[in-house]
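Colleague: Next one to model:
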Amino acid sequence: MLDKIRKMLGVKDLPEEVTPLYRGARNEREALVLLKEARRRDESRRRRAMADLEELDRAEEELLEEGKSESISESRKLMLARRIKEIRWKMQELNNRIENIYNKRLKVLNEHVASLETILELTSEALPDKKTMEDMAIKAKQLLEDLEKTKELAEGIAMVPEAAQPDDEEKEILREMERPAPETEPVREKASERKEELRPVKEKERKTEAPTREKEPPEIMFEE
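Modeller: Numbers count the residues shown, from 1 in each chain. A predicted model of the protein is given here:
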């Protein structure tokens, strides 16, 4: 089947993304069904990965804002920095997966689906029945799961144990947390300073305004 597909497409070699699918098909129609099922699966996974990226981006922003607060302890800031680092690693992993796996594979699948559709349109080969198409879809799912496991093993990221002291990346995140707050803070401080300056004056005025009670003359005692 692989040799036949190569001749039909006019290519010498087939990409590794589609070779297992062609190998598992009995004819061109089955190969087309397998290719479309693989494309649908990768498109669904890419959508989920992009949704996860948005959630992680929001989580990173919230943790970074919390780390900028002056009311939290240094140990809490370090914990937030490590969590932000983990989130950024996960975002980088998802971006690599989207770009180097899903986008790349979808491009290949789209090209081969279009090529096979064009070839089959020029022939009068009958479409497979519903049962055959369902069996091919199950076969495609199994093939893609095996491929995905192989990719995950080959591109897995080793987990690094947390150190007692912050590493360079965590230190950089901590420096992000130490960036100055908005300009409204000094204004509030100046207002509070003016209140402190006015307070002694008002207290002094209240003291001066309070009336002083004159001493009453002593009573004169007459002896009988």
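Colleague: Below-threshold pLDDT in this structure: ranges please.
Modeller: Scanning the chain for pLDDT under 70 picks out 123-130, 133-134, 136-137, 139-141, 143-164, 180-224.
Colleague: can you give me the helices in it?
Modeller: Along the chain, counting by DSSP state H, helices occupy 2-9, 19-23, 28-67, 74-97, 103-121, 130-155, 168-177, 184-209.
Colleague: what's the shortest one packed up against?
Modeller: When contacts are defined as 3 or more Cβ pairs under 8 Å, 6 or more residues apart in numbering; DSSP states H and E, helix 19-23 sits against helix 2-9, helix 28-67, helix 130-155. Yep, even glycine has a C-beta here, placed from its N, CA and C like the rest.
Colleague: mind redoing it with 10 Å?
Modeller: Contact here means 3 or more Cβ pairs under 10 Å, 6 or more residues apart in numbering; DSSP states H and E; on that basis helix 19-23 packs against helix 2-9, helix 28-67, helix 103-121, helix 130-155.
Colleague: Ok, the fourth one next?
Modeller: Applying 3+ Cβ pairs under 10 Å, 6+ apart, one finds that helix 74-97 contacts helix 28-67, helix 130-155, helix 168-177.
Colleague: thinking again about what came up before, Serialize the helices and strands packed on helix 19-23 to JSON lines and add fields for mean neighbour count and distance to residue 22.
Modeller: Supplementary listing: those in JSON lines, determined by neighbours: other Cβ atoms under 10 Å; distance: least, Cβ to Cβ, whole Å:
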{"stretch": "helix 2-9", "mean neighbour count": "13", "distance to residue 22": "5"}
{"stretch": "helix 28-67", "mean neighbour count": "17", "distance to residue 22": "5"}
{"stretch": "helix 103-121", "mean neighbour count": "16", "distance to residue 22": "9"}
{"stretch": "helix 130-155", "mean neighbour count": "14", "distance to residue 22": "10"}
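Colleague: now those in TSV, with distance to residue 21?
Modeller: TSV is the format used below for these (distance: least, Cβ to Cβ, whole Å):
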stretch	distance to residue 21
helix 2-9	10
helix 28-67	4
helix 103-121	9
helix 130-155	6
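Colleague: Compare those helices and give me the one nearest residue 176.
Modeller: Distance to residue 176, taken as Cβ to Cβ, is lowest for helix 28-67 among the helices and strands packed on helix 19-23, at 6.3 Å.
Colleague: now the angle from that closest one to helix 74-97?
Modeller: Interaxial angle, helix 28-67 versus helix 74-97 (axes from the mean of the first three to the mean of the last three Cα atoms, to 10 degrees): 160 degrees.
Colleague: I'd like to know which elements helix 28-67 is packed against.
Modeller: For helix 28-67, the elements it packs on are helix 2-9, helix 19-23, helix 74-97, helix 103-121, helix 130-155, helix 168-177, judged by 3+ Cβ pairs under 10 Å, 6+ apart.
Colleague: For these, could you give me CSV that also reports distance to residue 43?
Modeller: Formatted as CSV, those follow (distance: least, Cβ to Cβ, whole Å):
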stretch, distance to residue 43
helix 2-9, 22
helix 19-23, 16
helix 74-97, 14
helix 103-121, 7
helix 130-155, 12
helix 168-177, 33
